[in-house]
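*Asks:* here is a sequence with its predicted model. Questions after.
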Amino acid sequence: ETGVTQTPRHLVMGMTNKKSLKCEQHLGHNAMYWYKQSAKKPLELMFVYNFKEQTENNSVPSRFSPECPNSSHLFLHLHTLQPEDSALYLCASSQELAVTYEQYFGPGTRLTVT
Amino acid sequence: AQSVTQLDSQVPVFEEAPVELRCNYSSSVSVYLFWYVQYPNQGLQLLLKYLSGSTLVKGINGFEAEFNKSQTSFHLRKPSVHISDTAEYFCAVSAGEYGNKLVFGAGTILRVKS
């Protein structure tokens, strides 16, 4: 595997379910990000991790719970979601947490909440 | 706070014609500017970026953009498009003191017709 991978690619879940999204980067990067991409809306930054430590929580509801066990893996735990949470969730990584370093994106997980 | 406005939600163009995708930003401090491309069912890929120096920036796949501070614009151009350029294009801005936090525009869908 190369670059940034995300699993699953598609997920349908009920409002009472608990599920997790997984992101793995094979680039040796130190910073990782979760973004939400909703239809007709700009990409929204959700969380940022640098060296496994959370540095940004962009006022995300507590039904989204991130976890970063090491610099290569990032999870997004989901529980009691709402239909408006249906979106494409993108993971990204960068070498360092600075604007001069390019962010590399995974293909995303398409989440549908029923 | 920074914001990004992409003035066109969709741009149809014939193959081999030139194209310009417009982006305006607002920020009270010095900015760094980016264009990303998203092909169907894929994550975002960096096309080009402006950090400092020459205001004309060249990127991958024959794209270029010009930073215009007085107009607060960062328009993306390509002199001759191909069918394979059909994708969604995102302009993003980052203010230096916010580390690597990117604020994205809503995106412009470029449709290249034969």
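*Replies:* All right, it came through fine.
*Asks:* taking chain B, what residue is nearest to chain A?
*Replies:* At 3.3 Å from chain A, B:Gly43 is the closest residue in chain B, using C-beta to the nearest C-beta. For the C-beta atoms, the positions are set from N, CA and C on the backbone; glycine is no exception.
*Asks:* tell me, how many residues neighbour that residue?
*Replies:* Neighbourhood size, B:Gly43 [other C-beta atoms under 10 Å in any protein chain shown]: 22.
*Asks:* correct me, but it touches A:Val4?
*Replies:* Yes. Counting by C-beta atoms under 8 Å, B:Gly43 does reach A:Val4; the two are 7.0 Å apart.
*Asks:* give me the common contacts of those two.
*Replies:* By C-beta atoms under 8 Å, 6 or more residues apart in numbering or on different chains, B:Gly43 and A:Val4 have these common neighbours: A:92, A:105-106.
*Asks:* nearest to chain B, of those?
*Replies:* So of these, ranked by how close each gets to chain B (C-beta to the nearest C-beta), first place is A:Phe105, at 3.3 Å.
*Asks:* quick check: bridge partners of the residue nearest to the spatial centre of chain B?
*Replies:* Nearest to the mean C-alpha position of chain B, by C-alpha atoms, centre = their mean, lies B:Trp35 at 3.4 Å. Assessed by DSSP bridges, B:Trp35 has beta-bridge partners B:Leu48, B:Cys91.
*Asks:* which residues touch B:Cys23?
*Replies:* B:4-7, B:33, B:35, B:73-76, B:91, B:105.
*Asks:* again, only using 6 Å
*Replies:* With contact taken as C-beta atoms under 6 Å, 6 or more residues apart in numbering or on different chains, B:Cys23 is in contact with B:6, B:74, B:91.
*Asks:* please report the distance of it from B:Lys78.
*Replies:* Going from B:Cys23 to B:Lys78 by C-beta to C-beta, to the nearest Å gives 14 Å.
*Asks:* with B:Gly107 instead?
*Replies:* 17 Å.
*Asks:* same question for B:Ser26.
*Replies:* For B:Ser26, the distance to B:Lys78 - C-beta to C-beta - is 25 Å.
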